[in-house]
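Below are the sequence and a predicted model for it; my questions follow.
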Amino acid sequence: MDNNINKKIFHFPVKDQEELGNVLLYAHSIYEYVFNGHVGAPIHEKLQNGAKVLEFGCDAGIWITEVAAEYPNSEFYAVDFSIPASNNVDNITFIKCDILQKLPFPDDEFDYVFSRDKFLFFEKNNFYGYLSEILRILKPGGWLEVEYFLNQDITNGPATKLMIDAWHSWLKSHNIVKDFIESFERYLQETGKVESMSHQLVKVPVGGSNAFGEFTCEFTISYMKNTKDFLAPFMNISFEEFDRLTNTAESEMRAKDCNMSCQLKRIIARKKIPNSKEN
């Protein structure tokens, strides 16, 4: 797979950076609401006293900026292919690097590693390598937390389903296979390096008449519209046809009888301490 294509996948290939910021802010707000806050791992006391934290794949830096402000005694690092243009937070260090390669940190460096929606885009052939790299830099006894969108349940939206199916087909065409993220816990367990693993799985309405469904609808529509440059050619349709399809999908989601949903998942695991018995 061409490395430049892979980097574009990680970046979410959107030309309008302001619109990209809106998409990321929508997503952040959804996660924060669904999971009731920034941090799910049992590490709050350590964060208050002073911990070393990494966000793997920081995008616009929304999560890490908020958490760093909440825990000023901790030291935060964030890595991604691109990083925010400015940083006014003293306890955050942004590092621009190729996050598909070895990360620029020594072994056993971080008390807590957080990642949101990045693990979706790992190539099939290298999935275990990425897991190993994340666990390499996590201290024994340190916590890993991963959040991601999982499945969409679309029962009464043919245009929406067509677009979602096309998106999944596009990912598969780039050797990004959905079953890896669906079986993430199993693959993580198979590394033999984690214990105390738990998860939260939350069904989230998309569209319909309730206020939160309307909000997730706005996110989904914004996301769809910003896939046009690469998804329309993949679907072998014109940009005009893609716009019409998006508008139809929007109408489906805004209908009062809309019955669409997605799932958000949060996985938390602790890196084993040498000679520690698995729970």
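Alright, I've got the coordinates.

rest of the way, CA atoms for contacts and neighbours
Fine.

Run through the bridge partners of Y77.
Counting by DSSP bridges, Y77 is bridged to L54, T93.

what's around it, how many residues?
19 (other C-alpha atoms under 10 Å).

again, but for I181
Counted by other C-alpha under 10 Å, the residues lying close to I181 total 20.

pLDDT of the helix or strand hosting it, averaged?
According to DSSP states H and E, I181 maps onto helix 178-182. Throughout helix 178-182, pLDDT has a mean value of 70.

and the next helix or strand after it, which residues are buried?
Downstream of helix 178-182, the next assigned helix or strand under DSSP H and E is helix 184-190. In terms of neighbour count (16 or more other C-alpha atoms under 10 Å), helix 184-190 has its buried residues at F184, E185, L188.

what does stretch 163-171 give?
Neighbour-count burial for stretch 163-171, counted by 16+ other C-alpha under 10 Å, picks out M163, A166, W167, S169, W170, L171.

Among these, which lie within helices?
Among the buried residues of stretch 163-171, DSSP state H puts M163, A166, W167, S169, W170, L171 in helices.

ends of stretch 233-242, how far apart?
9 Å (C-alpha to C-alpha, to the nearest Å).

What of stretch 219-237?
23 Å.

where exactly do the helices run in the stretch 51-200 of the chain?
62-70, 127-137, 158-173, 178-182, 184-190 (DSSP state H, counting those that start in this stretch).

what ranges do the strands span in the stretch 151-279 of the chain?
Counting by DSSP state E, counting those that start in this stretch, the stretch 151-279 of the chain has strands at residues 194-206, 260-271.

pLDDT of the longest one, averaged?
Averaged across strand 194-206, pLDDT comes to 93.

what's it in contact with?
34, 188-189, 212-217, 220, 253, 259-272, 278-279 (C-alpha atoms under 8 Å, 6 or more residues apart in numbering).

If any of those residues are buried, give me the PyMOL selection for them.
Buried residues among the contacts of strand 194-206 (16+ other C-alpha under 10 Å), as a PyMOL selection:
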select buried, resi 188+212+213+214+215+216+217+220+253+259+260+261+262+264+265+266+267+268+269+270+271+272
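
picking up where we left off before, G142: which of the buried residues of stretch 163-171 is nearest?
Proximity of the buried residues of stretch 163-171 to G142 (C-alpha to C-alpha) peaks at L171, which lies at 31.7 Å.

measure that closest one to A211 for me?
Separation of L171 from A211 (C-alpha to C-alpha): 31 Å.

For the stretch 1-150 of the chain, which residues score under the pLDDT cut-off?
1-20, 119-126 (pLDDT under 70).

E45 - how many residues pack around it?
As a measure of burial, E45 has 10 neighbours, counting by other C-alpha under 10 Å.

Name the single longest helix found in this structure.
In the chain, with assignment by DSSP H, the single longest helix is helix 17-34.

In that helix, which residues are buried?
L20, V23, L24, L25, Y26, A27, S29, I30, Y31.

hang on, the earlier thing: columns distance to L103 on top of the ones in helices among the buried residues of stretch 163-171, output as JSON lines?
Converted to JSON lines, these look like this (distance: C-alpha to C-alpha, whole Å):
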{"residue": "M163", "distance to L103": "34"}
{"residue": "A166", "distance to L103": "32"}
{"residue": "W167", "distance to L103": "29"}
{"residue": "S169", "distance to L103": "30"}
{"residue": "W170", "distance to L103": "27"}
{"residue": "L171", "distance to L103": "24"}
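
So for the chain, the centremost residue is which one?
D117 (1.1 Å; C-alpha atoms, centre = their mean).

Of the strands of the stretch 151-279 of the chain, which is nearest L103?
Here strand 260-271 is closest among the strands of the stretch 151-279 of the chain (C-alpha to C-alpha), at 17.7 Å.
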